[in-house]
Each structure stands twice: as C-alpha cells, then as structure tokens.
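> Next comes the sequence, and after it the predicted model I'd like to discuss.
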Amino acid sequence: MKWDEEQKGTGYRWLYGIIAGCCVTAMQIGVGLLQTDQHFVIMMGIAQGTLVCSLTILCGGILEWLMTPLPKEEEDEHLILHPARERIRDYELAFQTLAGSFAPSVKMGRERFCQQAAMDTADKIELLWNTRLEENREAVSQQLMEMAHIMGDTAEHVWDLHTDERDEESLRKKLKGMGLQVHSVLVYEPDNKKREVYLTLSARRRQCVAVKDVAEAVSRILDKPMMPARDSRSFVTGEKITVLFLERTNFEVLYGVKKAVKNKEQISGDNFSVYTRKEGQLLASLSDGMGSGVKAYRESERVIDLLEQFLEAGFSKETAVRMINSALLIHSDGQSFSTIDMCSINLYSGICEFLKVGASTTFIRRDHQVETISSTSLPAGVFHQLDLETVNKKLYDGDMVIMVTDGVLDALPAGRQEELMKEIILKCPSESPQEVADYLLERALDFEKKAPSDDMTILALGMWKR
C-alpha cells in the first residue's frame, strides 16, 4: 500500500511537469511566430519548455521530501502489550495468589508431629485429619500454581508466532489454479518447531479435490515435504473446512498390544493409549490401576483420559502428570493409586523420552541386544510430592520399545525376571509389533502354573524410517 502511494505521487509530479513544460513551449512558439527567425524560436521554445518541465518535477520532489514527516522508530513488539495478553497475565497473577492462599503451613504441621507422642487417641485422630487436609490443600495449591504457569507460557508464546506473507501469497495463487477457493492462509514456524500451514478452503463449481493433492502443492511451494495432520478430511468439497499441514516426519511407528485378565475377573485393570500429537510426537502411555477388576479399570482409565486431555491441550508431560497426581490425592480416600508409564517418540529426530511413575521396566530391542529402562518411584496418588523419573534415548530404524505392566514380570521366576525377559525378547523371531506382543505374553503365561494371578498387558512399538 505504501509503495502504491509513492508511485502515485511520482506520477503526479511528472504530469504537472509535462503540463507546465507544454504550456511554456506553446507560449514561446506562439510569440516567436511573430518574429522573423521561426526555426530559432521553435528550438528555444522547446528548450525552455523542457527546462520548465524538469524544474517542476525536481521542485515537486524536493517539496514532497521536505513536507513528509520523519518516520517514527518502530516500537519493540515485546513492549507492546496486547489486551488479551494483558488479561492472561492478570489471570496468571490471580492463580498464583490463589495458590498461595491454599498452601498449608509446613511449620505448624511439623510442630504437631513433634507433639504426637504426648497426644491421646482423640488428638491423634484430629492430627491425622488435619494432616490429610493439609495434603489436599497442598495438592490444590500445586494445581493452581500449574495453571498459573500455563497462563504465563501461553502469554509468552502465543503472540511470538512468525508468519511468512510471501509463502501465503504463493499458496493462494497456486490453490486458486487448482479450482479451490481460499478463504484464509496462515503459514508460521513456532520457536524450535517445524513449519505449520493452516488452510481454510472450499472447492468451486461442485469440484472435489483430494487433500493429498493439496499437500503436494503445499510441498512444492514451501520446498519441504508436507502432510495433512491426523484426523484431516480426505477431500475438499463445497463445504468450507480448515486443514492443518505439517512437515512430513522422518519415522513412522506401528504398535501391537496383548492383554490377559486376572483369574476370576471380567475386565483388566490396565489401560493404554497410543496417539500422535501435531508436533510430530507419538505418545504411548500405559497405566496399571491398584488391584484388579472394575475399580482398577476405572482408576487407570481416568488416568489415561486425563493424560490425553492435558497433553492434547498443550500441557507439558510433567505438568500433566503432576495435575493427575493432585486429582488422585483429592478424589481418593487414601487407597487409590495408579502407575503411569509414558513413552514419547519424536518422529523427526528419533529421540524417545521415557517418564515413569511407579511403572514397571521398559525394554528396548535393537538388533541382537536388549536395553532396560527401570524405575523406583511410587505410583501416582500416594504423596503430593511426586517423584518423576525421565530418561532420554535415541532410537534408530528397526528399534522396538516394549512396555509391560508388573503382572508380566511377576509371572516370571523371582530373582532374574528382567534377565529372563531379555532372553525371551531376543528369541522372538518376528519384527511385527503385534506378533511380538502375542509371543511375549504367551511365553510369560507358560511360567504361570494356573490362571494369571494379576492383570498382564504388553505394548510393543516398532519404529521404521520412512
């Protein structure tokens, strides 16, 4: 827009100069025709007209430069506080203040414990209730503080997205040529993340365009292999839809799962989940509820559901686990525990992060060797201070991650459970995750002289390069 205005002003200067020059030339020639040397008069008139035209253009440019105000220095974007951003900041401070009001007094609790030996039964019961109350208050305080951190993180990063207007315009032109009506285009690259493209499209004249073809067009424009996000529609029709395109991942993961239910129970108390996040991360989670049967199933199901919802909303894995732990503490009567076993694979780099909360050992099969990831932490819902154990490993083409619940290892002879499991994994001839899970569970059940004494679940994840 600014360039158009500058071009418009320059055109006016030339027009004024030409009109002034022509007028002077006509006047000089008209007066000179009354004299004798007509050729000299015509040449002088043209020369004077050209001079006046040049001077008019030059003076117009000088006057415009003098009258144009000096450009203001661009303000630092970080100093400009967006109204919505300011409101989120206010929410963050409010949650921090509220968290402080719920935080219990640690000093008073310790003093009561020091006096416990001199208390009678009634006082000890009161002390136990007060301790439980303080633990719940601490859990609520941690939840509110995590919410404050989430608010602050949102305020910092939501407005730091950098769009690429040139790529957006190129995409508009290309997609219009494919018979698509482009309603909006957004191309941005978040900090330390891959480029993302949001397209709001609809087809013209009752056409039907495959989203796969749109992805190929986007790849050519951006010069990077792009793919539609999971759960995207397969075709663009006359209905207006928004499709997210992400950079194609370097790895793909297939998984298989096999379960066995404890003797005399109708349902397993173990639950699992495998899904891919839009950031190019595959998240596999396994939870073992305390005990067995319906109650254990409901506890582990709630843990998996909350975990999916928190992570889908953009919370970090650590934050999600801490909030789940707080929810279990507040909701339970002191006998509601669940293990949390998470495996997060970056499908671009192959880096795998393991997070365990009271979970059983995880095995990584690579060529002719097996590596173990163990944990000594307690399950979620025991203490408000949660001990998170994380380990990062680099995975390669053909590697397989095998996650199990404690019922699988408990079925093996005590004393060498992990070593025996390694031997069983190495003897498995298949590369299929489902066949591996079936084989391992069958071998584990061979060690049980009767029906399973605990719920057993095996989740196998195989990773291959595209």
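Yep, that arrived.
> Let me see the mean pLDDT of stretch 146-157.
Summarised as a single mean, pLDDT over stretch 146-157 is 71.
> In the stretch 251-400 of the chain, what residue spans correspond to helices?
293-312, 317-331 (DSSP state H, counting those that start in this stretch).
> quick one, which of these is packed in tightest?
helix 317-331 (a mean of 21; mean count of other Cβ atoms under 10 Å). Glycine gets a C-beta too; all of them are placed from N, C-alpha and C.
> Would you mind getting the angle between that helix and helix 293-312?
Going by axes from the mean of the first three to the mean of the last three Cα atoms, to 10 degrees, helix 317-331 is angled at 140 degrees with respect to helix 293-312.
> List of residues touching helix 317-331?
Here helix 317-331 makes contact (Cβ atoms under 8 Å, 6 or more residues apart in numbering) with 135-136, 139-140, 142-143, 146, 149-150, 299, 303, 306-307, 310-311, 315, 336-338, 340, 342, 344, 353, 355, 357, 380-381, 384, 386, 388, 390.
> Identify whichever of the helices of the stretch 251-400 of the chain lies nearest to M421.
Closest of these to M421 is helix 293-312, at 22.0 Å (criterion: Cβ to Cβ).
> which helices and strands sit right next to that closest one?
Where contact means 3 or more Cβ pairs under 8 Å, 6 or more residues apart in numbering; DSSP states H and E, helix 293-312 is packed against strand 270-277, strand 281-288, helix 317-331, strand 340-346.
> for the ones you listed, which one sits closest to D406?
Among the helices and strands packed on helix 293-312, strand 281-288 sits nearest to D406 (Cβ to Cβ), with 6.4 Å.
> And the closest one, what does it pack against?
strand 270-277, helix 293-312, strand 340-346, strand 400-404, strand 456-465.
> Next, find the distance separating F354 from I373.
5 Å (Cβ to Cβ, to the nearest Å).
> same thing with E312?
Computed as Cβ to Cβ, the E312 to I373 distance reads 25 Å.
> what about the stretch 151-300 of the chain, any weak spots by pLDDT?
154-164, 190-193 (pLDDT under 70).
> Strands of that one, start to end?
180-188, 196-203, 209-210, 226-228, 235-236, 241-247, 251-260, 270-277, 281-288 (DSSP state E, counting those that start in this stretch).
> ok, the fifth one: who's next to it in the sheet?
Strands adjacent to strand 235-236 in the sheet, as given by DSSP bridges, are strand 209-210 (antiparallel).
> Show me the contact partners of the partner strand.
For strand 209-210, using Cβ under 8 Å, 6+ apart, the contacting residues are 178-180, 203, 234-236.
> Now the buried members of those residues.
Using 16 or more other Cβ atoms under 10 Å as the burial test, the contacts of strand 209-210 include 178, 180, 203, 236 as buried.
> returning to that earlier point: mind putting the helices and strands packed on helix 293-312 in a markdown table, distance to V436 included?
As requested, these are exported to a markdown table (distance: least, Cβ to Cβ, whole Å):
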| stretch | distance to V436 |
| --- | --- |
| strand 270-277 | 15 |
| strand 281-288 | 14 |
| helix 317-331 | 26 |
| strand 340-346 | 15 |
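> Give me the residues contacting stretch 450-457.
Contacts of stretch 450-457 (Cβ under 8 Å, 6+ apart): 257-265, 268-270, 272, 286, 288, 292, 296, 404-408, 410-411, 441, 444-445.
> Which members of the residues you listed are classed as buried?
Listed as buried from those are 257-262, 265, 268-270, 272, 286, 288, 292, 296, 404-408, 410-411, 441, 444; burial here means 16+ other Cβ under 10 Å.
> before we move on, back to that, from the contacts of helix 317-331, which land in strands?
Residues of those located in strands (DSSP state E): 340, 342, 344, 353, 355, 357, 390.
> quick one, what contacts the first one?
Yep, that's I340 we're talking about. 285, 287, 303, 307, 321, 324, 355-359, 379-380.
> Output the buried ones among the contacts of strand 209-210 as TSV; include the columns distance to R89.
Listed next are those as TSV, based on distance: Cβ to Cβ, whole Å:
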residue	distance to R89
M178	43
L180	40
A203	42
V236	39
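> Between those residues, which sits nearest Q281?
V236 (27.1 Å).
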